[in-house]
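J.: return atomic coordinates for the entry below.
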Amino acid sequence: MKNKFLSRRDAGLQGTVCSTRTVHGVSGDRIRARQGASLRLTGLTLLSAAVLSACAIKPEPITQAEHFQRAQDDYKTLYSTYVPLARPLTLSDAISRALKYNYNARLAKTEQTLQDRQLDLAMAQMLPRIAANAGYTWRNNDNAAESVSELTRQRSLEYSFSEQPSHATASLELSWNLLDLGVSYFQAKQQGFRTYAAVERRRKVIDDIVKSTQEAYWKAVAADRLLPRLKPLLAEADKMLENSREASRQKLVPQLQGLDYQQNMLSVVGQLRRMQTDLNTARVQLASLIDVPTDVPIEFAPMDLDYAATASKVDPRKLEALGLAMRPELREEAYQEKIDQQDVYKEIVKMMPGVGVLGSLNYDSNRYLYNPNWAQLGVNATFNLVNLIEGPKAISAAKASVEVSRQRRLALSVAVLTQVNLSYEEYLAAVEDLDIAKQINDVEQQIRVASANEAKAQEESEADRIRRDLASMVAEFSYDRTIAQVHTALTNLYTSVGVDLVPPSADTEDLDKLSERVKGAIAGWEAGQLPDSAIALPAASTFGTPAASAASTAADAKPSAATQASAVPVAAAPGSIVAAQ
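T.: You can find the predicted model right below:
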């Protein structure tokens, strides 16, 4: 009876529990319905806010007033570093100011600094990941739960909890994936090669600045010497042309004689006006290069009018070998080939399984924990099976990229060889032109002096005297321009073979020290000395052709990666300071 009574009582209790759960279930459904409606309303609100914020972040175009304000600020910035000229400007001073103040040089230096910072970042990315975590959890009731037996499906425990409603956590986690380490290693090597490539690009920028500065300098010097004499002479020529036209109209001279005189005068005047325009633009170009306002007068050091260029012969094979080894464009392409080669190694590493090491120190303020402090260590390994299909294709693509870099370097090498030979021939031609121009100028100056003496003795007309003065001015300008062309041709020869006119490691902070260093560095090529190199050439019979021999010499002379990692050797001009980067 007792068992029956207990069974009935248990049944009654179960029924009561079931009915209670039913009531609670109905009430729970209503609560969940209300919660679902509230969540939907919250979702719609968040969606509307996201749409409105997306519309709000649409960028507005810069207004015209803002453009003018930016232009004013930039103009002030461009001339904020202006340093007035304290002495007559020499070529070394002009080059030094261009290297210090020219924004292309600053950009190249800033890019090199950026690549150095990127290298530091790439090295730091090889370190393991160490993360410090801290958190706090709160809820409005206990996180209680019941347990159900897997076998009997009966509740085995009452509702219980092992976590406080609010507690704090903290951890220090270390993770290091060997696969990521391998990839980061080759990425760091790539960044290292990019740093050296930035050095080569800076060499190229410096060479271009030096070449442009010296060309503009010599033209500006000629303009400073000739323009004051040219302007009054052109005014006299215009007056004499008008007198000749008036005499022809009045038939005071034979028509053919008058027209012949006017034709000669117009031809000479046209040449001089074109020269005048060329000289004026050269001064503007020089002022822009050396960071001097165009309205500020420049006083130049005296020009050497007895410049004698050296026409000594140089073995073109040596120049070709030097160009293939030292041209910054080819050296940059060589670094790019090494960068692409690292991609091959990265793809090979990616095909390997990833092994990761995990470790952490943990703390939990939950007072129900027996051990609130604990350490954890683990090792896992993963392998992407898709890499068995994707990996060989990625490696093949990376190898193709290496071959593209190699072919691009070879194509550029052909262009470099052409430039070297053309620059050498142009220099020889410029030296010959200088000799002829000097002889013509000497003759014209003698004619001008003789004409002036005859005009004083009234043995020659004023019109003929002015015509001869104009012709002597043309000859003098041609001689000055030929001197500039010889300097430019020699500079082009140096840059075509990759010999630095100014070391890329020169300190640009102290202008006076930089000027002294530049003066010593350019002493050789300013005096007309040709580039030279100590590169050992192989026997001519080794490859059969001079071009092949030069290419082999350049390959043998190219420093190894380890050498380039510690220094960037740069060939120096005769008498210059060899730069070590």
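
J.: would you tell me what the next helix or strand after the longest helix along the chain is?
T.: In the chain, with assignment by DSSP state H, the single longest helix is helix 178-249. Next in sequence after helix 178-249, counting helices and strands by DSSP states H and E, comes helix 255-289.

J.: distance from the chain centre to the longest helix of the chain, please.
T.: Helix 178-249 has its C-alpha centroid displaced from the chain centroid by 18 Å (CA atoms, centre = their mean, to the nearest Å).

J.: please shift the residue numbers so they start at 764 in all later answers.
T.: Understood, numbering begins at 764; the last thing we discussed is helix 941-1012.

J.: quick one: the helices in the stretch 1214-1344 of the chain?
T.: 1225-1260, 1274-1284, 1286-1289, 1309-1320, 1324-1329 (DSSP state H, counting those that start in this stretch).

J.: which of those helices is buried the deepest?
T.: Highest mean neighbour count of the helices of the stretch 1214-1344 of the chain: helix 1225-1260, a mean of 22 (counted as mean count of other CB atoms under 10 Å). Backbone N, C-alpha and C define where each C-beta goes, glycine included.

J.: output the contacting helices and strands for that helix.
T.: On a contact count with 3 or more CB pairs under 8 Å, 6 or more residues apart in numbering; DSSP states H and E, helix 1225-1260 meets helix 941-1012, helix 1018-1052, helix 1079-1089, helix 1150-1219, helix 1286-1289.

J.: Throw these into JSON lines and include distance to residue 1249, thanks.
T.: JSON lines is the format used below for the helices and strands packed on helix 1225-1260 (distance: least, CB to CB, whole Å):
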{"stretch": "helix 941-1012", "distance to residue 1249": "9"}
{"stretch": "helix 1018-1052", "distance to residue 1249": "16"}
{"stretch": "helix 1079-1089", "distance to residue 1249": "18"}
{"stretch": "helix 1150-1219", "distance to residue 1249": "5"}
{"stretch": "helix 1286-1289", "distance to residue 1249": "11"}
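
J.: quick one, which of those is packed in tightest?
T.: helix 1079-1089 (a mean of 23).

J.: can you name the next helix or strand after it?
T.: helix 1091-1113.

J.: buried ones in that following helix, by neighbour count?
T.: Buried residues in helix 1091-1113, defined by neighbour count with 16 or more other CB atoms under 10 Å: 1091-1110, 1112-1113.

J.: what's the burial count for residue 830?
T.: 11 (other CB atoms under 10 Å).

J.: how much space between it and residue 1043?
T.: 30 Å (CB to CB, to the nearest Å).

J.: thinking again about what came up before, export the helices of the stretch 1214-1344 of the chain as TSV, with columns for mean pLDDT and distance to residue 844.
T.: Output for those, formatted as TSV (pLDDT from 0 to 100; distance: least, CB to CB, whole Å):
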stretch	mean pLDDT	distance to residue 844
helix 1225-1260	83	26
helix 1274-1284	84	11
helix 1286-1289	75	27
helix 1309-1320	38	40
helix 1324-1329	36	34
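
J.: so which of these is nearest residue 930?
T.: helix 1324-1329 (52.8 Å; CB to CB).

J.: residues in contact with stretch 900-915: which ones?
T.: 917-924, 926, 928-932 (CB atoms under 8 Å, 6 or more residues apart in numbering).

J.: average pLDDT across it?
T.: The average pLDDT within stretch 900-915 is 87.

J.: now do the end-to-end distance for it.
T.: 35 Å (CA to CA, to the nearest Å).

J.: what about that stretch, distance to the chain center?
T.: 63 Å.

J.: repeat for stretch 1202-1222
T.: 55 Å.

J.: now that stretch: mean pLDDT?
T.: Mean predicted confidence for stretch 1202-1222 is 78.

J.: repeat for stretch 992-1004
T.: 79.

J.: not counting it itself, show me its contacts.
T.: 1025, 1028-1029, 1031-1032, 1035-1036, 1038-1039, 1225-1226, 1229-1230, 1232-1233, 1236.

J.: from those residues, pick the one nearest residue 984.
T.: residue 1038 (14.0 Å).

J.: that closest one - nearest residue in space that isn't next to it in sequence?
T.: residue 1240 (5.0 Å; CB to CB, 6 or more residues apart in numbering).

J.: bridged to residue 1124, which residues?
T.: residue 935, residue 1138 (DSSP bridges).
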